[in-house]
Structures are given as structure tokens and as C-alpha cells.
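Participant: predicted model and sequence below, questions to follow.
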Amino acid sequence: MKIRYLTTLDSISESDLAEGFFEGWPDPPSYPNFIRLLHGSSHVVLAVEESSGKVVGFINALSDGVLSAYIPLLEVIPMYQGNGIGQELVRRMLELLNGHYMIDLMCDAELGGFYEKIGMHPSGGMILRNYKNQSGM
């Protein structure tokens, strides 16, 4: 399995997205909303499986371009997990965001160790979830 990483959406369409993203979400975004969220991000890194051309992982960030950035999503489809793709996506995103004062993300407690290995630190935070909008606005 050979993976190439892209930081642009220029050649990506709905048909390039592999099946299996947002596993466990009761109401995941539709593929049109998935593309919209990627285009609405200030930064993206995509993991593309060379032989199929399918996007099998992604990370996105929202940034003010001055001080702060927030990483809302990191996803690798289940059959590709455990191959270092997630770590590489985070590494490349942190490289893109280098120079920002703060780079924040929220994750479930069981995922904290993954991000700590990459150099991030636990912190407190507050969230509000409107689950009726989980599939997108």
C-alpha cells in the first residue's frame, strides 16, 4: 500500500472519497457536505491510496492566519488504520500550522494518548454539540 499526501483539493471530487469515513457517527455528513467541509477549511491534508486514487484519510484545520488554529477532524477509514497514516496526517498538518501561537483540538479521552505521542498536551475545554446538525447544516 502506497499513500501520497496532498494539501490541495484541486483534483478531488466526491467520487474520490473512499467509503467508511465517520464510522460510529449516528448521522454522518453526506458526501456533498463532506466536500463542503473540506473546502471550508483553511488547511487540509489528504491521504490518497495510490493504486485506487481514493482518499482514505484526512485532517482539516480552521485558522485565523495570525495566532490560532483549530483541528476539528482527523479521520482514517478503518481498513487503513494502524499503518501510521493518522500520525503522518497530524505531523503534516502541524508542519503547515508551524508559526501559529496556538493549535488546539478536542478529542475523546481515549484518543489523548495518540495526540500526546505526537507532542500535544492535555488541556481543559468546553463544547456544545447540536446532534440534530451532525450531518451538516
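Facilitator: Yep, it's here. If you're wondering where the values come from, they're calculated on a predicted model, not measured in any experiment.

Participant: pretty sure Gly53 sits against Asp16.
Facilitator: Yes - contact criterion Cβ atoms under 8 Å: Gly53 and Asp16 qualify, at 6.4 Å. Yep, even glycine has a C-beta here, placed from its N, CA and C like the rest.

Participant: where exactly do the helices run in the chain?
Facilitator: For the chain, helices defined by DSSP state H occupy the ranges 31-39, 85-96, 112-117.

Participant: show me how far the last one is from its chain's centre.
Facilitator: When C-alpha coordinates are averaged (Cα atoms, centre = their mean, to the nearest Å), helix 112-117 and its chain have centres 15 Å apart.

Participant: contacting residues around it?
Facilitator: Residues outside helix 112-117 that contact it (Cβ atoms under 8 Å, 6 or more residues apart in numbering) are 86-87, 90, 105, 107, 122.

Participant: what residues of it count as buried?
Facilitator: Under the neighbour-count criterion of 16 or more other Cβ atoms under 10 Å, helix 112-117 has Tyr115 buried.

Participant: for it, give the mean pLDDT please.
Facilitator: What helix 112-117 shows for mean pLDDT is 94.

Participant: how close does the residue nearest the centre of the chain sit to Pro78?
Facilitator: The residue lying closest to the centre of the chain (Cα atoms, centre = their mean) is Ile59, at 2.1 Å. Ile59 sits 16 Å away from Pro78, taking Cβ to Cβ, to the nearest Å as the criterion.
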